[in-house]
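Q: Whatever this is, show me its structure:
(2 chains)
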There are 2 protein chains.
Amino acid sequence: MTYCVAVRVDQGLVMLSDTRTNAGMDNIARFRKSFTYHVPGERAITLMCSGNLSITQGVKATLSKAIKESKLDPDVETILNCDTMHRAAQIVGDAMQKMQQRYRENIEMGGSGSGASIMIAGQRKGGKPRLYLIYSAGNFIEATEDTPFFQIGEHKYGKPILDRIIQRETTLEDATKAVLVSMDSTLRSNLSVGMPLDLTVIATDAFDFRVRTRIEADNEEFAMISQSWSAALRKGFEDLPNVLD
Amino acid sequence: MTYCVAVRVDQGLVMLSDTRTNAGMDNIARFRKSFTYHVPGERAITLMCSGNLSITQGVKATLSKAIKESKLDPDVETILNCDTMHRAAQIVGDAMQKMQQRYRENIEMGGSGSGASIMIAGQRKGGKPRLYLIYSAGNFIEATEDTPFFQIGEHKYGKPILDRIIQRETTLEDATKAVLVSMDSTLRSNLSVGMPLDLTVIATDAFDFRVRTRIEADNEEFAMISQSWSAALRKGFEDLPNVLD
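A: Next up is the predicted model:
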C-alpha cells in the first residue's frame, strides 16, 4: 500500500509520501511516489501517486514526454507551461484516462486492480496555491477551505490528528509537523507503509520548494518528532481522568 | 458501519462498542451491538457484533433460544453452561455458520454482503479470561499475549493509540481509558460510527461485570476524557520540535 498526504493552508502546501509498494505481502519494494516539477520563480509543483504502479508510472511518463517535447516545440502543452493549476490537473487527469483506457480491461482480466489516484499540488505565478486529487476516471476534486487536506492510500490511521490540527490558518510549520505525526501513526500501525519518506513544502508566492527532501529511516529530526509525540501521548494518556471507580 | 474493540489484559477484559448501523449513508439507525450473558459468580460473557445485522441478530437469537430451552432441558448446551470459553466460541461459530448457510447465497444475489464478525469475551469459573474473534465462516482466533486486543468494523482510526498503550500488564483502568480514547478518535473521523456507546468491564476472577453501562452522548465522564485527550494532543503537538528552519 501507500500513504500520501497533502495539505493546503494559507501559508502554502505540504506534501508527504512513503515509499513502500507491495504486490501481496511477500513482494515488497521501494518506489518513489512524490515527484517535483519546477520553473524557478514561475511555478513549483509536486505530484504524489498511489494505486496501480504501472498506471501511475505511465501517467508520469506521459507528463515527462510532453515536457521534453515542449523544449523543441513550445506549443506542446505541459504541466510546466499550462495557464493554470486547474489546467495542470486536467492534463494529469487526461493522462490517467489514457492509461486506464489502454490497460484497465487487461489488468482486470488478470485479476488485478487498475485503480490509481494522483494528487497534484502547486502554485504558478499569477495564481494561488492549489491542491487537486485526481481519480482513476481522470476526474478530480480540489481542496477547499472546508477540506484543506487530502490523503490517498492507507489514510485512516493518520486522519484523526489531521482532523484535529489542520485548518486554513495553520502555519506551514504546524502543517509539516502534522503530516509527519500523521505518517508516524500510519507507519506504526500498518506494515504496508514504510520509510523512507519524501517531503515537499511550497510556501505561498515563493514559486519554489522551501523543502524537497528524502527523510531516511535514521533521520534524527523525524526520530525526534516520533519520540516526542510518543512521550506526549503517553503523558496525555496518564493524565486522563480515571473512569473506573 | 460499526466500531467494536475488546481488550484482554492480565487484570481482565474490556469491551466497547458504538450503536450506529447504516444501510447506505441515508439509512442510519441505532442498534445495540454489545450483549451480556451472566451466571452470577460462575461466568460473565460479552458478545459484540459487526457486519450484516440480520446475520448477527440471527446468531444472537440462536444463542438465546438455546439458553431458554436449557432451562427446561439442562442437557441443551449453551454459552452459559458449556465447559469452556473455547467451547462457547465454537457454539457462536456454529450459529454463525448456520446463519450463513441459510442466507448468504440469497443475500449476495441481492447485491448485499453477508459478512459478519462477532467477538466473545468472558471468563467461567475454573478458566481464565478469554477473548475470541469469530469470522463469517464460523472459524475463530483467540487474543494472545502478543496481540491482546481485537477490533471489528471501522478499526483503523482507533488503532494507533491501542498499539501504543495496550500490553498484557496494562491495568483495567488504563485499558478502559484506552478503548474510550480509541473510540473518541474513531467518532471524530468517521460519521458511520456514533454515540451512544456500550461499555463492559469484567475483572479477572470476579465472574461478574465490574461495569456494564451505556454511555450516552451527554455523558460527562466521556466528555471529560474526550476534552482532556484533545487538550493533551494539542499541547503535545505544540511542544513538538520544529522541523522547518
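Q: which stretches of chain A form strands?
A: A:3-9, A:12-17, A:20-22, A:28-30, A:34-39, A:43-51, A:116-124, A:130-134, A:140-142, A:149-153, A:197-203, A:211-215 (DSSP state E).
Q: Is it possible to get CSV of those that adds mean pLDDT, mean neighbour count and distance to A:E173?
A: Yep, even glycine has a C-beta here, placed from its N, CA and C like the rest. Converted to CSV, those look like this (pLDDT from 0 to 100; neighbours: other Cβ atoms under 10 Å in any protein chain shown; distance: least, Cβ to Cβ, whole Å):
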stretch, mean pLDDT, mean neighbour count, distance to A:E173
strand A:3-9, 97, 28, 10
strand A:12-17, 98, 28, 10
strand A:20-22, 80, 19, 27
strand A:28-30, 80, 11, 29
strand A:34-39, 96, 18, 20
strand A:43-51, 96, 25, 18
strand A:116-124, 97, 26, 18
strand A:130-134, 97, 24, 18
strand A:140-142, 96, 15, 24
strand A:149-153, 95, 23, 16
strand A:197-203, 97, 24, 9
strand A:211-215, 95, 16, 11
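Q: Rebuild these as a markdown table, extending it with distance to chain B.
A: As requested, those are exported to a markdown table (distance: least, Cβ to the nearest Cβ, whole Å):
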| stretch | distance to chain B |
| --- | --- |
| strand A:3-9 | 11 |
| strand A:12-17 | 9 |
| strand A:20-22 | 17 |
| strand A:28-30 | 20 |
| strand A:34-39 | 17 |
| strand A:43-51 | 16 |
| strand A:116-124 | 17 |
| strand A:130-134 | 18 |
| strand A:140-142 | 18 |
| strand A:149-153 | 11 |
| strand A:197-203 | 7 |
| strand A:211-215 | 7 |
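Q: any chance of the ones you listed in JSON lines, plus distance to A:I161?
A: Output for the strands of chain A, formatted as JSON lines (distance: least, Cβ to Cβ, whole Å):
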{"stretch": "strand A:3-9", "distance to A:I161": "10"}
{"stretch": "strand A:12-17", "distance to A:I161": "13"}
{"stretch": "strand A:20-22", "distance to A:I161": "20"}
{"stretch": "strand A:28-30", "distance to A:I161": "25"}
{"stretch": "strand A:34-39", "distance to A:I161": "20"}
{"stretch": "strand A:43-51", "distance to A:I161": "19"}
{"stretch": "strand A:116-124", "distance to A:I161": "19"}
{"stretch": "strand A:130-134", "distance to A:I161": "18"}
{"stretch": "strand A:140-142", "distance to A:I161": "22"}
{"stretch": "strand A:149-153", "distance to A:I161": "11"}
{"stretch": "strand A:197-203", "distance to A:I161": "16"}
{"stretch": "strand A:211-215", "distance to A:I161": "18"}
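Q: Quick one: closest of these to B:A116.
A: strand A:149-153 (27.3 Å; Cβ to Cβ).
Q: coming back round to it: closest one to A:R104 among the strands of chain A?
A: Judging these by Cβ to Cβ, what sits closest to A:R104 is strand A:116-124, at 10.0 Å.
Q: Run through who's touching the helix ranked longest in chain A.
A: In chain A, ranked by residue count with DSSP state H as the criterion, the top helix is helix A:85-109. With Cβ atoms under 8 Å, 6 or more residues apart in numbering or on different chains as the test, helix A:85-109 has contacts from A:45, A:47, A:52, A:54-55, A:58-59, A:62-63, A:66, A:77-79, A:82, A:113-114, A:116, A:118, A:120, A:122-124, A:127, A:130, A:132, A:134-140, A:142.
Q: can we see that at 7 Å?
A: Helix A:85-109 is touched from outside by A:45, A:52, A:54-55, A:58-59, A:62-63, A:77, A:79, A:82, A:114, A:116, A:118, A:120, A:122-124, A:127, A:130, A:132, A:134, A:136-140, with contacts defined as Cβ atoms under 7 Å, 6 or more residues apart in numbering or on different chains.
Q: can you check stretch A:167-181 too?
A: Counting by Cβ under 7 Å, 6+ apart, residues outside stretch A:167-181 touching it are A:5, A:7, A:9-12, A:14, A:16, A:145, A:148, A:161-162, A:165-166, A:201, A:203, A:222, A:225, A:229, B:237, B:240, B:242-244.
Q: okay, and for chain A, where does confidence drop off?
A: For chain A, the stretches with pLDDT under 70 are A:23-26, A:245.
Q: Let's see that with 50 instead.
A: Nowhere does chain A drop to pLDDT under 50.
Q: measure A:G113 to A:A61 for me?
A: Distance of A:G113 to A:A61, computed by Cβ to Cβ, to the nearest Å: 20 Å.
Q: Also A:A121?
A: A:A121 is 20 Å from A:A61, by Cβ to Cβ.
Q: Likewise for A:K125?
A: 27 Å.
Q: Same question for A:S117.
A: In terms of Cβ to Cβ, A:S117 sits 17 Å off from A:A61.
Q: And for A:S182?
A: For A:S182 relative to A:A61 (Cβ to Cβ), the value is 30 Å.
Q: Who has more neighbours out of those two?
A: A:S182 (27 against 12; other Cβ atoms under 10 Å in any protein chain shown).
Q: Surely the more buried one is in contact with A:R164?
A: No: look at A:S182 against A:R164 with Cβ atoms under 7 Å: they stay out of range, at 10.4 Å.
Q: Great, nothing more from me.
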